[in-house]
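> I would like the atomic coordinates for the input below:
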Amino acid sequence: MEAAAQGEASIQDEAVDKSNFKECNQIAFYRRQKLLHPGKSLYRALLDTVTLSDENVKFHIIHEENKVLLQVEIYEIEGNIFRLKINEAAPLRARYEVPDVLIKEPTTQKLSMSQKEGGILVLTSVNGDYKLRVTANPFQVELQFKDETVLSMNSNGLLYFEHLQPPPSDRKPTAENEEAASDSSKDNQEDLGLWQERFGSFLDIKAHGPSSVGMDFSLHGFDHLYGIPQHTESLLLKNTSDGDAYRLYNLDIFGHKIHDKIGIYGSVPLLIAHKPDRTSGIFWLNSSETLVDINTKAVAEHIPTESAADISKQRAVPVTDVRWMSESGIIDVFLLMGPTAFDIFKQFAQLTGTQALPPLFSLGYHQCRWNYEDEQDVKAVDAGFDEHDIPYDVIWLDIEHTDGKRYFTWDKKKFQNPKKMQELLRKKKRKLVVIVDPHIKADPMYTLYSQGKEKGYFVKDRNGKDFEGICWPGSSYYLDFTNPEVRKWYADQFAFKTYKGSTNILFVWNDMNEPSVFKGAELTMQKDAVHYNNWEHRELHNLYGFYQQMATAEGLIKRSSGKERPFVLTRSFFAGSQKYGAVWTGDNTAEWGYLKISIPMLLTISMAGISFCGADVGGFIGDPEPELLVRWYQAGAYQPFFRGHSNMKSKRREPWLFGEKNTQIIREAIRERYVLLPYLYTLFYRAHTEAEPVMRPLWIEFPEKLETFGVEDEYMLGNALLVYPVTDKEAKAVSVLLPGLEEDGTVIHSYTDYLAAAKWKKGRNLVKKVQKGKGA
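Numbering: from 1, shown residues only. As a prediction, the model looks like this:
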C-alpha cells in the first residue's frame, strides 16, 4: 500500500496509548455521584400532588436540602412494561430526551390507585397482577408481582438529579447562592468538573453546568445479569468496585484489551436479569455517557411457616443492586417484566423495533481487507474463490478505494471503471460493499464538503464554527446526522445519478462513526460541540453512529424506490440500531483470546436486540497462525455475520494462502455455512417478526437449568442447533454441556466429509475429541 498522502492520517493516528482514555475516576460526573453513598434518600414524595389520568400517574418529589421539585411520571405500557420518568418540574431550560429510538409513543394502559394513605401510594396494573408501591418518605418504588417484590427503585437512596442552574457569574447574591459559592470554590469546582472539566490538554466547557442523573435498582432474587453491550467482557456481568464501573460511551479503541469494562464502539443500555422462574429487564433510555455499578449481596429472608415455633427460620436470598449514572438528560427507564427471556426480547422490540430482515446474500461469506488495491486485485481475489472452489457472496473495499478519502468517489487510477468491475461481480451473482465514513475531507472542490459547508450541515464547535477534527483524510468536518434535513440530504447521495460509479449491487459500510476524531479527547468529538437544535454533543454522543446508519439505510431504500432491502454494516450503534442493519465487534486482534471473547460479546449484542452481528474472522490486527485462522473460520461459519477482514499491515490472508490442507478445512467450514443458509434465513425471519435472537446463550433455551447460566463457550443457533467452537490452541478434546437431555442418546456432527458420533449418558457432559479439521 502507498504511504498516506500528504495531510492524510495513518494507522498510527488510531493506534494510541491507552492512557488517552479515561478511567472511571477521571470522569467528573462519576466522582460527583459517588459522593452520594447508600442510605436514606433525601427525596420525599408529595402525595398530595398525585394526579391520575388514562395515560399515567404524576406526582412531585422534593429534595429535602435544595428544595428543588422533580416530576415523576409512571406509566403502564401494553405487554408487561412499566415506565418511570423523572424530570425537573420547572427546568431552567429543556433537558434532553432521547428522540427517534422508540419506534412510536408506547401504548399505555390505565393504572388504578388502590391505596393512598399513611405515606404510601399503591398503583395496580390493569390485570391486577402487578403493583407499584410508592413510599413517600424516603421516596422509593417497589414493583411487585402477586405481592412478591421483583425490583425496587431508590431503595439504596441513590436517586441523583442535578438541576440546571444559571452560571455562577449570572446568579443574584442570595443566602442560598452564597452557600453554594462557598461549596464551589475554584479547587472544588475543578475537582468536581461542574462548569468545566480537564482531561490531559483538553478542556470541556459546560455551558449549562452540571446536569447528571442517576438511580439505583435492586433486583430481588437475581444474581445472574447480562447485557449492556459493548464491552470486551464475559457473558455474565461482574460485580464492580469503586472506579471499575461498566462504561457506556462509544469510543474508537484500536486493539482494545480483553476483560475490560471500558465502553468500545457501541452502547445498548439494556440490562437483563435471570433466575429459574423469571427474567426481567431494565432499559435506561439515555444517550449521554453512562456508567453502571453492579453489586450482588445475600439478604436474609424469613421463611413463612405454619408453626409459631419456627418463626425465626431464615434463608439467604440474593439481591443485586444496579446503579445507573448518566452525564445528562433525564431519567427515563423502562422496566421489562418478561416473565420469560423471549417476552423480554419482544418487549424491547415493541419499544425499539425488531431486526431488519437482511437480504439473503448478506448471510453468505464476506471477503474484506484494508485494502484491495485496485480493479485487478478485486478481479484476482474474486477469481481465486472460483479457482479454489470456495463459495462467497461479497467483496469489500476499504478507504483506499476513494479519491483521497473523499467518500462517494473512486480513485481514478486504481478504479477507472467501477461499473465494469461491478458487472463482472454481478454476472456471478456477487455483491460489492464500500466504506462510507461520517467525516468529510476539508476540500472546497469536494462536492460533499462544499454543499455541507454551504447548507450548514456540519456539527459546530462551542464558538459556533464548524467543528474541525482529524481523521483519515486529514482535516475533516463531521456531518450532523441528528438533523433530519441532513439525514435526508445524505440519503440522497446514494442515488445512482449522484453516486457516480455505483450500481444496485453496491452496499455500504459505516465505520469510524463513534465518531472517531484522531487527536481529540479520547479520540472522539468534544462534548461541548453543538448539534441541531443547540444540543451539546454530551447529550447524544452514543446516538451519532445510530443516526448515520439510519440515513445510510434510508438512502439504499430510496435508490431502489423501496423495492430492495438495504445492507448496511455499522461499527457504532445504540438501542434500535437493529432496524437499520448489521454491526460487528470492531478492531480485534489475531490472538486466541480474541476468538474466545468474541462469543460472549456477540451473545450480549444479540440479547440487546441486534441479531445481525459478527466478529472479524482471523482478527483485524496482526497475522494469525494457520491453526487460529482455521478455528476462526469454523467459529465464524456459525455466527450471524460472517466476514474475513484484516488491516493494511497484516499479510494477505485469502483462504487459499495457507497450504492445501488448511484451504480444504476452510473450504469445508464456509460450505457448511451455505448448507445452513435456509435455516439461518428462517432464524432471521423469526428475529424480524418475533424478536427472537438468532444466536442465543444456552440459558435462554434452558431457563431452569442453573448450570447453563454462565456458559459462554457454547451457544444455541436458533432452538435447534447447539454450537461449540474450538477456541483453544492445540485442543485435543472439548467438554460440551448438553443441557435438557433427560435420556441417553447420540449426537452426530458433520463437517462435510468428516463425520463424528459420540454417545452421552444422562447428566453428563459430552467429551469429544477434536482434530484441526473438525469443530466440536
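> Residue 25 touches residue 33, doesn't it?
No - in terms of CB atoms under 8 Å, residue 25 does not count as a neighbour of residue 33; the distance is 11.8 Å. Backbone N, C-alpha and C define where each C-beta goes, glycine included.
> Comparing those two, which shows the higher neighbour count?
It is residue 33, of residue 25 and residue 33, that has more neighbours when counted by other CB atoms under 10 Å, with 23 against 13.
> for the more buried one, what are its contacts?
Listed by CB atoms under 8 Å, 6 or more residues apart in numbering, the contact partners of residue 33 are 158, 160, 212, 214, 325.
> Spell out which helix or strand contains it, please.
Element membership for residue 33, per DSSP states H and E: helix 28-34.
> List the buried residues in that helix.
Of the residues in helix 28-34, those with enough neighbours to count as buried (16 or more other CB atoms under 10 Å) are 28-30, 32-34.
> TSV for those, including pLDDT?
What follows is the buried residues of helix 28-34, written out as TSV (pLDDT from 0 to 100):
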residue	pLDDT
28	98
29	98
30	98
32	98
33	98
34	97
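> Return the member of those residues nearest to residue 330.
Nearest to residue 330, judged by CB to CB, of the buried residues of helix 28-34 is residue 29 at 14.6 Å.
> Tell me how far that closest one lies from residue 130.
Using CB to CB, to the nearest Å, residue 29 is found at 33 Å from residue 130.
> can you check residue 332 too?
Distance, residue 332 to residue 130, using CB to CB: 20 Å.
> same thing with residue 473?
Going from residue 473 to residue 130 by CB to CB gives 54 Å.
> If you count surrounding residues, which of these two has more?
Neighbours were tallied for residue 473 and for residue 130 using other CB under 10 Å; the higher tally belongs to residue 473 (26 against 20).
> Hmm, that one is touching residue 409, no?
No - the criterion here is CB under 8 Å, and residue 473 misses it with residue 409 at 11.2 Å.
> picking up where we left off before, find residues that contact each of residue 25 and residue 33.
Taking CB under 8 Å, 6+ apart as the criterion, residue 25 and residue 33 do not both touch any residue.
> returning to what we had before: with distance to residue 491 and secondary structure added, can I get the contacts of residue 33 in CSV?
Rendered in CSV, the data for the contacts of residue 33 read as follows (distance: CB to CB, whole Å; DSSP: H, G, I helix; E, B strand; the rest coil):
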residue, distance to residue 491, secondary structure
158, 43, coil
160, 39, strand
212, 35, coil
214, 37, strand
325, 36, strand
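> Rebuild these as JSON lines, extending it with pLDDT and distance to residue 566.
As requested, these are arranged in JSON lines below (pLDDT from 0 to 100; distance: CB to CB, whole Å):
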{"residue": "158", "pLDDT": "98", "distance to residue 566": "43"}
{"residue": "160", "pLDDT": "98", "distance to residue 566": "41"}
{"residue": "212", "pLDDT": "98", "distance to residue 566": "37"}
{"residue": "214", "pLDDT": "98", "distance to residue 566": "38"}
{"residue": "325", "pLDDT": "98", "distance to residue 566": "36"}
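> wait, what's in contact with residue 208?
Residue 208 makes contacts with 93, 164, 536, as judged by CB under 8 Å, 6+ apart.
> hang on, isn't the second one packed against residue 213?
Meaning residue 164. No - between residue 164 and residue 213 no contact is recorded; they are 11.5 Å apart, counting by CB under 8 Å.
> The two - which one has more neighbours?
Neighbours around residue 164 and residue 213, counted as other CB under 10 Å, are more numerous at residue 213. The numbers are 27 against 16.
> separation between that one and residue 132?
Taken as CB to CB, the spacing of residue 213 relative to residue 132 amounts to 20 Å.
> what residue ranges in this structure score low on pLDDT?
For the chain, applying pLDDT under 70 flags the ranges 1-6, 10-17, 171-190, 304-312, 741-764, 772-776.
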